[in-house]
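*Asks:* Give me a 3D structure for the following:
(one chain, ligands or ions: 2)
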Amino acid sequence: MVTRKELYYETLKDPLWRQRRDDVMYRDAYSCTTCGTTKHLQVHHQYYEDNKLPWEYPDDCLVTLCETCHGLLHEKNDMRKDIEMERGCYGKNAVA
Ligand SMILES: [Zn+2]
Ligand SMILES: [Zn+2]
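*Replies:* Numbers count the residues shown, from 1 in each chain. Ligands and ions are numbered 1, 2, ... in the order given. Coordinates of the predicted model:
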């Protein structure tokens with residue numbers, strides 16, 4: 001049986017999400033929108049809606065952040081970290 005968590009993990013490996021992430025990072029010139037570094041980049045969702053796939057969000061929801069700024073942002077705002085963790089957006093091995 002495939003759990004919900006595993007399902008999200010699978011979706012984030014989807015070529016469609018890879019493409020979406022690439023588009024967002026390209027728009028942000030492959031650099032963190034907060035500190036400008038070009039290393040360890042991740043794409044952060046500014047909000048989540050139920051029943052939406054990770055790549056179905058508009059451009060203004062998605063921002064390129066480095067691992068450090070991404071982590072700080074979540075700590076500061078406590079922005080539904082649990083959900084992003086579940087969706088693989090947050091954390092050390094994050095793909096998003
Ligand atoms: Zn940064
Ligand atoms: Zn995030």
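*Asks:* biggest helix in the chain by residues?
*Replies:* The helix that spans the most residues within the chain, counting by DSSP state H, is helix 15-27.
*Asks:* and the following helix or strand past it with helix 15-27, angle?
*Replies:* Following helix 15-27 in sequence order, the next helix or strand is strand 41-45 (DSSP states H and E). When axes from the mean of the first three to the mean of the last three C-alpha atoms, to 10 degrees is applied, the directions of strand 41-45 and helix 15-27 differ by 100 degrees.
*Asks:* Strand 41-45 - what's its average pLDDT?
*Replies:* Mean per-residue pLDDT for strand 41-45: 90.
*Asks:* Who does it pair with, and is each partner parallel or antiparallel?
*Replies:* Paired with strand 41-45 in the same sheet, following DSSP bridges, are strand 62-66 (antiparallel).
*Asks:* re the thing from before, how about the longest helix of the chain: buried residues?
*Replies:* By 16 or more other C-beta atoms under 10 Å, the buried positions in helix 15-27 come out as 17, 20, 21, 24, 25. To be clear about C-beta, it is placed using only N, CA and C from the backbone, and glycine gets the same treatment.
*Asks:* close to ligand 2, is that helix?
*Replies:* No. For helix 15-27 and ligand 2, the contact criterion (C-beta under 5 Å from the ion) is not met; the two come no nearer than 12.2 Å.
*Asks:* tell me the mean pLDDT over that helix?
*Replies:* Per-residue confidence for helix 15-27 averages out to 91 on the pLDDT scale.
*Asks:* Return the list of helices and strands in contact with that helix.
*Replies:* Where contact means 3 or more C-beta pairs under 8 Å, 6 or more residues apart in numbering; DSSP states H and E, helix 15-27 is packed against strand 41-45, strand 62-66.
*Asks:* In this structure, where is pLDDT below threshold?
*Replies:* Along the chain, the parts satisfying pLDDT under 70 run over 1-12, 77-96.
*Asks:* Number of residues surrounding the closest residue to ligand 2 within it?
*Replies:* Of all residues in the chain, residue 44 sits closest to ligand 2, with a separation of 3.5 Å (C-beta to the ion). Burial measure for residue 44: 22 neighbouring residues, criterion other C-beta atoms under 10 Å.
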